[in-house]
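> Make a model of this:
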Amino acid sequence: MSAKIYVVSLGPGGKEQMTDRAIKALETCDVITGYNVYVNLIKDEFPGKRFVSNGMRKEVDRCKATLEEALKGQTVAIISSGDAGVYGMAGIMCEVAADYPDVDIEVIPGVTAACSGAALLGAPLICDFCLISLSDLLTPWEKIEKRLDCASQADFCIAIYNPRSHKRKDYLKKACDIMLKNQSGDIPCGIVHNIGRDGESYELTTLKELGDNENVDMFSTVIIGNSQSKVINGRIVTPRGYHL
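Coordinates of the predicted model:
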């Protein structure tokens, strides 16, 4: 019996922000696995499915449970917020199933927080940009520092994931201090809260003010413009260079 695993990207929020392909995969699967917060977001939308969920930092266990269900002949969907291939579950699912080449793993893309957050802010990522997570659970802080330094030297627009947590209260301030060595403090920045969920909002600030903003938490995505970025009618725009 063939084993099938969908790695389904939920996008930023509820069912209305998922792709048709993602919805179809969840409708056709037998079992849905995932982080309990994300399972609760979609559980009512897919009645009749069996759900297997667990807590934060249990990603490997979650993938092992997904593989076990698939090897029983079930079609399983493991869900991931945003895009599963961007700080999501696609990579670890493939690693866990490495010794089972006959398991068919299909990654279904979605809208990551950088794109959905940028849409609310205007057009800050319209040209070259990069994504950097400030979480040092899996990446040494020294490497994160180097990435921040190099990206700001290269004048990339930067989307910051995991900007602040209870244990990392000063990481965003540290990141801003690194970038301020290479960039002007007047560069426009945006903070987007609870993208695609209740309480969705955004605010504009500058790089010199960003590090001291107390409203930033793990439900926030931060977007930093480059030297060309500007605010137009309350929106951040990074020009591509068209001659108007």
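> So which residues of the chain form strands?
4-9, 31-35, 50-54, 75-80, 104-108, 122-123, 129-133, 157-161, 188-193, 201-206, 220-224, 230-232, 235-237 (DSSP state E).
> now those strands as CSV including mean neighbour count?
Backbone N, C-alpha and C define where each C-beta goes, glycine included. What follows is the strands of the chain, written out as CSV (neighbours: other CB atoms under 10 Å):
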stretch, mean neighbour count
strand 4-9, 27
strand 31-35, 24
strand 50-54, 15
strand 75-80, 26
strand 104-108, 18
strand 122-123, 20
strand 129-133, 18
strand 157-161, 25
strand 188-193, 24
strand 201-206, 16
strand 220-224, 27
strand 230-232, 14
strand 235-237, 20
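> Tabulate those strands in TSV, adding columns for distance to Leu180 and mean pLDDT.
Formatted as TSV, the strands of the chain follow (distance: least, CB to CB, whole Å; pLDDT from 0 to 100):
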stretch	distance to Leu180	mean pLDDT
strand 4-9	34	98
strand 31-35	35	97
strand 50-54	40	94
strand 75-80	33	97
strand 104-108	37	97
strand 122-123	23	98
strand 129-133	15	98
strand 157-161	13	98
strand 188-193	12	98
strand 201-206	10	97
strand 220-224	11	97
strand 230-232	19	98
strand 235-237	18	98
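> Just tell me which of those ends up closest to Arg21.
strand 104-108 (5.4 Å; CB to CB).
> so what does that closest one touch, helix or strand wise?
strand 4-9, helix 20-28, helix 90-96 (3 or more CB pairs under 8 Å, 6 or more residues apart in numbering; DSSP states H and E).
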